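Asker: I need the structure of the sequence given here:
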Amino acid sequence: AGTTSATSARLEADVLAAACLRDAGELRDRLEVLSLHLASEDPGRFRGWCEVLSSIGADREAQSSSAAPSWLRRELISMGLDGRGLLESVIMPVLRTIPSAEALRSEVEASLGKSGGLHAVF
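Answerer: Numbering: from 1, shown residues only. Predicted structure coming up:
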């Protein structure tokens, strides 16, 4: 568990560093690696990231109670990224490659079909 937690923290830091550097391509790449790891090793933490992403780029009311830190929201928006787009273009393709992540994939698919974000599912 300690190695998984350390790996998760390192991969999360990689995503956040890419956001700070405003490197959209690197952020997508790092998010893909993080998603692959978390979906396989730490589904609860994975759901947390999905909830954060679902709140970025949403309407103002959703942003006021957002799970995403305001600086992360600003960085992603400044790169022309939004959480829903990242869920669809990065997270879902990763989940489709992991047979054991079928339940997670169903949760994310269901949440993407709802206008209320992932809060309704996660």
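
Asker: which stretches of this protein form helices?
Answerer: 2-20, 24-41, 43-54, 60-64, 70-78, 83-86, 92-96, 102-112 (DSSP state H).

Asker: residue contacts, the nearest residue to Asp23 once chain neighbours are set aside?
Answerer: Nearest non-adjacent residue to Asp23, counting by C-beta to C-beta, 6 or more residues apart in numbering: Met79, 7.9 Å away. The way it works is simple: take the backbone N, C-alpha and C, and place the C-beta from them, glycine included. Met79 sits next to Ala19, Arg22, Asp23, Ala24, Leu27 when contact means C-beta atoms under 8 Å, 6 or more residues apart in numbering.

Asker: What's the per-residue pLDDT of the first one here?
Answerer: If I follow you right, that is Ala19. In the predicted model, Ala19 carries a pLDDT score of 94.

Asker: when you give positions from now on, start the count at 311
Answerer: Renumbered: residue one is now 311, and that last one reads Ala329.

Asker: Quick check: closest non-adjacent residue to it.
Answerer: Excluding the flanking residues, the one nearest Ala329 by C-beta to C-beta, 6+ apart is Glu385, at 4.4 Å.

Asker: so how far is Ser365 from the one you found?
Answerer: From Glu385 over to Ser365 the distance is 14 Å, taken as C-beta to C-beta, to the nearest Å.

Asker: same deal with Ala316?
Answerer: 27 Å.

Asker: go on, Arg394?
Answerer: Taken as C-beta to C-beta, the span from Arg394 to Ser365 is 10 Å.

Asker: More neighbours: the two, which one.
Answerer: Ser365 (22 against 18; other C-beta atoms under 10 Å).

Asker: In this protein, where is pLDDT below threshold?
Answerer: Across the chain, the ranges flagged by pLDDT under 70 are 311, 368-378, 424-432.
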